[in-house]
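A.B. asks: What shape does this take:
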Amino acid sequence: MLVLPTIKQTGKKAAAEIIQPWRPDFREVSALPDTKTIRTSFFINLIAGALAAAITLYVLQFEWTKFSTEKQLAEIEIRIADTRTAHDKVQALFKDYLAEQKKFSEIQAIAQDSFLLSDFVKHLGAILPEGIYFKRIEYKPATKTITANGSAQGLDANATTRASKFEKTLQDDPRLAGLFSTIRLTSAARNIQESALDIEFLFTFKDNSAKPKPTK
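C.D. replies: Got it, this is the predicted structure:
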């Protein structure tokens, strides 16, 4: 039996026979059309939009918080600077007040004190031995002391003996004994330029509040 070969058809008719009509294959779910009322792509776009909006709001809130914090810090620094200036002024005024108060206390102590330095100097001059003289006498009401700096003529042992005897004279003086608890020679140093012995006496007042004046 003779079989003839199939003749290949060309043109629109052949193309129509090759393209098969579409029909859904219910076994392949991915190939089925999306026939839902609200498509899945809508939810995906909605979620993406919500995330983008949330991120945008977060960034805006962060920037606003940063801006507000920086503004508050700047205001605080300005207030601190103003407060520091005022504090420095108060400190300076307080130091001036303490200095003036100290002066006032010293003046008040002198005014309330019955001791007169002029009387003390006169009495000291009256009992001063030959060869000893004083250069400087300082009265310190705050420490209740008097320091008397002077010289004993000579550089030999006689000058030292003269200073020691005068210390004893001061200690035994009844007028000074009523004022001072201690009278002592605190220093004695050779002064070659003046050929003398530099001496210093320290008079410490008694603790009683009212001190009698040295009699003339």
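A.B. asks: Okay, strands next: where are they in the chain?
C.D. replies: Here the chain has its strands, by DSSP state E, at 132-140, 145-153, 180-191, 196-205.
A.B. asks: domains of the chain?
C.D. replies: Domain assignment for the chain by automatic domain parsing gives 41-112, 117-205.
A.B. asks: can you put the ones you listed in TSV and add mean neighbour count?
C.D. replies: All C-beta spots, glycine's among them, are computed from the backbone N, C-alpha and C. As requested, the domains of the chain are arranged in TSV below (neighbours: other CB atoms under 10 Å):
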stretch	mean neighbour count
domain 41-112	10
domain 117-205	15
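A.B. asks: Could you tell me the least trusted of the ones you listed?
C.D. replies: Of all these, the minimum mean pLDDT falls on domain 41-112 (a mean of 78).
A.B. asks: Specify the angle between the helix ranked longest in the chain and strand 132-140 in degrees.
C.D. replies: Of all the elements of type helix in the chain, the one with the most residues (DSSP state H) is helix 40-112. Counting by axes from the mean of the first three to the mean of the last three CA atoms, to 10 degrees, helix 40-112 lies at 140 degrees to strand 132-140.
A.B. asks: ok now helix 40-112, how far from the chain's centre?
C.D. replies: 18 Å (CA atoms, centre = their mean, to the nearest Å).
A.B. asks: Does that helix pack against any helices or strands, and if so which?
C.D. replies: Of the remaining helices and strands, none touches helix 40-112 by 3 or more CB pairs under 8 Å, 6 or more residues apart in numbering; DSSP states H and E.
A.B. asks: if we go to 10 Å?
C.D. replies: For helix 40-112, the packing partners by 3 or more CB pairs under 10 Å, 6 or more residues apart in numbering; DSSP states H and E come out as strand 132-140.
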